[in-house]
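# dropping the sequence and predicted coords here.
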Amino acid sequence: MPSTLKWNATLRATSSIAHGGETRGTITLLRREMVLTPAGEPLQLPIVSGNGLRGRLRRIGEELLRDVLRYEQQLPLSAAHALRGGGSLAKTTGEPLSGRRLQTLRELIPQVGVFGCAAGGRIIDGCLQVGKVVPHFAETAHILDPATEGARPSFDVTQIETYIRQDDTSAHAFAELTAVDRIPVIDGVPQLDELPEVSDTDQLMRFRIETLPAGTQLSTWVRLDRATPREVAFFTEVLEVFTRDGRIGGRAAIGHGQVATELTCTQLAGEPAEPVDWRAPLLADPAAAITALQALA
C-alpha cells in the first residue's frame with residue numbers, strides 16, 4: 001500500500017557553506033531570496049535552494065543503484081545523465097517512453113520512481129518533494145517550524161572568504177610564492193575596501209566567496225508522496241548515507257558544505273511501510289533492469 005512520509009531535517013554546518021548567486025567584481029555572493037518580515041518589510045536573505053539538496057540526494061541514489069547493477073559502459077550517455085543529473089528533454093528517434101514500459105521502469109528502478117527524470121522523450125515525475133534549506137537567522141525565525149529563538153541577524157553570520165589562484169601557464173610550477181595580506185576586520189566585519197590591489201595580475205588572481213560559517217543551523221524537509229514500500233526502503237537508505245556524509249551547496253571539492261543532519265520522520269498517510277529489500281528484484285534479474293534503464297535514452 002502506498003505511503004506518504006515527511007522528514008523534517010535540522011542541519012548544522014561543519015564547514016562553511018557556499019551557494020553562489022550574484023557576482024560583483026571578484027566576489028561571489030550567496031544566493032538570496034526575498035522574505036517578508038512579520039511587519040511586511042521585504043528583505044533579501046541567503047537561502048539554499050531545494051534543487052541543490054535534491055541533486056545531492058539524487059547522486060547518492062544513483063551510486064547505490066550503480067553499486068547493485070554495475071552498469072558502467074552498458075548505458076547510453078543520455079540514460080546515465082537521466083539517472084545522475086535528471087536528464088534533459090530532447091527529441092527521441094524511438095518510441096516515447098509510456099504505457100507498460102514506463103510502468104515497468106518505475107516499478108523496477110526505485111531511483112526513477114523516487115527522483116523522476118527527463119528522458120525517453122518525456123518528463124517522468126518522481127514521488128519526492130524537497131524543501132528549501134533555510135538558515136536560522138533572526139529574520140527567518142517566523143517562517144521556520146518550529147520557530148527559533150535567539151538567532152542572530154543574517155548580516156552578523158555571513159562571511160567573506162578570500163582565495164588565491166596562482167597562474168603558472170607562463171612560469172614554472174614552482175614559481176616564487178606571493179605573500180597574501182590578512183583582511184582587516186573591524187567589529188567582526190571584513191573591510192574589503194582596505195585590501196591592497198594585486199600588483200602582478202598576470203601571476204596572481206584573487207577572488208572572494210561569501211559563505212555561511214561553520215556552526216550555522218539550517219532547517220529543511222523532504223517528503224515522499226504515495227511511495228511504494230521499495231521506494232520508501234530505497235530513499236530511507238539514501239537519507240542514511242546523507243546523514244553519514246552530508247554536503248549541500250557548491251565548492252565541495254575544496255571542503256565547503258559539510259553538514260551534520262538530524263532527521264524526524266512523520267507518517268502522513270497510508271500504513272507504515274513494511275521493511276523490504278529494494279535490491280532483491282534487481283539482483284534477481286539484472287539484465288532486465290539494465291534493459292529497462294536503456295529505455296531512458
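Alright, I've got the coordinates. Since the model is a prediction, treat every value here as computed from it, not as a measurement.
# so, low pLDDT: which residues of this protein?
Applying pLDDT under 70 to the chain flags the ranges 91-94, 166-204.
# hey, where'd the helices end up in it?
Remark: helices assigned in the chain by DSSP state H are 50-69, 77-85, 99-108, 110-115, 229-244, 280-284, 286-294.
# just put these in TSV and tack on mean neighbour count and distance to residue 37.
Glycine gets a C-beta too; all of them are placed from N, C-alpha and C. Listed next are the helices of the chain as TSV, based on neighbours: other Cβ atoms under 10 Å; distance: least, Cβ to Cβ, whole Å:
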stretch	mean neighbour count	distance to residue 37
helix 50-69	18	22
helix 77-85	19	37
helix 99-108	15	43
helix 110-115	25	35
helix 229-244	19	32
helix 280-284	13	50
helix 286-294	17	48
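# can you tell which of these is closest to residue 140?
Nearest to residue 140 among the helices of the chain is helix 50-69 (15.1 Å), distances taken as Cβ to Cβ.
# coming back round to it: same list, the helices of the chain, but as TSV with distance to residue 40 please.
Listed next are the helices of the chain as TSV, based on distance: least, Cβ to Cβ, whole Å:
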stretch	distance to residue 40
helix 50-69	25
helix 77-85	39
helix 99-108	44
helix 110-115	37
helix 229-244	36
helix 280-284	53
helix 286-294	50
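# closest one to residue 148 among those?
In terms of Cβ to Cβ, the element of the helices of the chain nearest to residue 148 is helix 50-69, at 19.4 Å.
# which other helices and strands contact that closest one?
Judged by 3 or more Cβ pairs under 8 Å, 6 or more residues apart in numbering; DSSP states H and E, helix 50-69 is in contact with helix 77-85, helix 110-115, strand 128-130, strand 217-227, helix 229-244, helix 280-284, helix 286-294.
# which ones are touching residue 241?
60, 64 (Cβ atoms under 8 Å, 6 or more residues apart in numbering).
# and if we set it to 7 Å?
Going by Cβ atoms under 7 Å, 6 or more residues apart in numbering, residue 241 touches residue 60.
# ditto for residue 139
By Cβ under 7 Å, 6+ apart, the neighbours of residue 139 are 35, 37, 43, 45, 153, 154.
# swap in residue 112?
Counted by Cβ under 7 Å, 6+ apart, residue 112 has contacts 105, 106, 124.
# for the second one, which non-adjacent residue is closest in space?
Ranked by Cβ to Cβ, 6 or more residues apart in numbering and with sequence neighbours excluded, the top spatial neighbour of residue 106 is residue 113, at 4.6 Å.
# do the same with the last one
For residue 124, the nearest residue in space outside its immediate sequence neighbours is residue 116; the separation is 4.8 Å by Cβ to Cβ, 6+ apart.
# from residue 116, how far out is the closest residue to residue 292 other than its chain neighbours?
Distances taken as Cβ to Cβ, 6+ apart place residue 105 nearest to residue 292, at 4.8 Å, with adjacent residues excluded. Distance, residue 105 to residue 116, by Cβ to Cβ, to the nearest Å: 11 Å.
# residue 123 now?
The value you get for residue 123 to residue 116, if Cβ to Cβ is used, is 7 Å.
# neighbour-wise, which of those two wins?
The neighbour comparison of residue 123 against residue 116 (other Cβ atoms under 10 Å) goes to residue 116, with 19 against 12.
# list the residues that contact that one.
So residue 116 contacts 124, 125, 126 (Cβ under 7 Å, 6+ apart).
# just the buried ones from the residues you listed, in PyMOL syntax?
In PyMOL, a selection of the buried entries from the contacts of residue 116 looks like this (16 or more other Cβ atoms under 10 Å):
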select buried, resi 124+126
